[in-house]
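> Would you be able to build a 3D model of this:
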Amino acid sequence: MPKIIGGSLSEHRAQTRNKLFAALTALMTDRGFDAISLADIAGAAGIGRTAVYNHFPDKEALLLAFITHETEQWVASLERALDGVDDPVDQMRTYVRQHAQLKRVFHLAPGPDLRTVLSPATRAQLRSHAEPVEDILRRILTAGISQGTFADQPVDTSIVLVNACLASRGVPDDGPGRDAAITATEAFVLRALGVS
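Numbers count the residues shown, from 1 in each chain. Next up is the predicted model:
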């Protein structure tokens, strides 16, 4: 019988999943999703290859679990950052700043775009992971439009445009230009929403 990590079976499962997520992240950074196998991930995580199947049937399921985990963590962090911020302009600034903190490997991985190497079913599930983030942005935009702070505009289109702007990775990860780039991005997004 394999050794249990941690004090309970649920703790063991959580720690195993975290090891697999860390291995997936490292391998995707190095090679890209299409160039790694579930056996590669298991080896990098120090977990028996057959034991991985107790958690995930294939590497796409592992990727979806990882993205879901990361999204849940980020949404919780974003909600904490927005707690007590009532002004839609300040909420949008917070949203932009929080987005700049993202360092998601699955957006930066070498190799083909994930959407081109995943099955249609996985692509559909991958799309749904963005919905909680979009719901927060929808809430900010709707409040700003209803208060007259933002120009009257189609909210769903604005969500796509704001997130496309923020997904461009135009903000340096560190260095002296980072703060200036975040400030410029905030100003750009706010101007696009009709804030003078």
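> which stretches of this protein have low pLDDT?
Low-confidence segments of the chain, defined by pLDDT under 70, are located at 1-7, 103-112, 168-170.
> domains for it, by residue range?
Domain ranges of the chain: 1-56, 59-193, per the TED database.
> Turn those into CSV, columns for mean neighbour count.
C-betas here are computed from N, CA, C, even on glycine. Listed next are those as CSV, based on neighbours: other Cβ atoms under 10 Å:
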stretch, mean neighbour count
domain 1-56, 15
domain 59-193, 15
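> residue contacts, the most centrally placed residue in the chain?
Nearest to the mean C-alpha position of the chain, by Cα atoms, centre = their mean, lies residue 71 at 4.8 Å. By Cβ atoms under 8 Å, 6 or more residues apart in numbering, residue 71 lies in contact with 129, 130, 132, 133.
> Check residue 89 too.
Shown in contact with residue 89 (Cβ under 8 Å, 6+ apart): 144, 149, 190, 195.
> Excluding residues flanking it in the chain, which one is nearest the second one?
Nearest residue to residue 149, sequence neighbours excluded (Cβ to Cβ, 6 or more residues apart in numbering): residue 88, at 4.8 Å.
> can you give me the strands for this protein?
With strands called from DSSP state E, the chain shows none.
> give the contact list for the nearest residue to residue 141 once chain neighbours are set aside.
Take residue 141 and drop its neighbours on the chain: the residue closest to it by Cβ to Cβ, 6+ apart is residue 155, 5.0 Å away. Applying Cβ under 8 Å, 6+ apart to residue 155 gives the contacts 138, 141, 142, 145.
> Was I right to think residue 13 contacts residue 51?
No: the criterion here is Cβ atoms under 8 Å, and residue 13 misses it with residue 51 at 11.0 Å.
> rewinding a little: from residue 134, how far out is the residue nearest to the centre of the chain?
Per Cβ to Cβ, to the nearest Å, residue 71 is found 11 Å from residue 134.
> ok, which stretches of the protein are helices?
Assigned by DSSP state H, the chain shows helices spanning 9-31, 38-45, 49-52, 59-82, 88-100, 105-108, 114-117, 120-128, 131-146, 155-167, 177-192.
> Convert the fifth one to PDB, retaining C-alpha atoms only.
Looking back up the chat, that one is helix 88-100. Listed next in PDB are the C-alpha coordinates belonging to helix 88-100 (Å, rounded to 0.1, in the frame of the first residue of the first chain):
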ATOM      1  CA  PRO A  88     -16.500  51.900  -9.700                       C
ATOM      2  CA  VAL A  89     -13.400  53.800 -10.900                       C
ATOM      3  CA  ASP A  90     -11.400  52.500  -7.800                       C
ATOM      4  CA  GLN A  91     -12.900  49.000  -8.400                       C
ATOM      5  CA  MET A  92     -11.700  49.100 -12.000                       C
ATOM      6  CA  ARG A  93      -8.200  50.200 -10.900                       C
ATOM      7  CA  THR A  94      -8.200  47.400  -8.400                       C
ATOM      8  CA  TYR A  95      -9.300  44.900 -11.100                       C
ATOM      9  CA  VAL A  96      -6.500  46.100 -13.400                       C
ATOM     10  CA  ARG A  97      -3.800  45.900 -10.600                       C
ATOM     11  CA  GLN A  98      -4.900  42.500  -9.600                       C
ATOM     12  CA  HIS A  99      -4.800  41.300 -13.200                       C
ATOM     13  CA  ALA A 100      -1.200  42.600 -13.400                       C
END
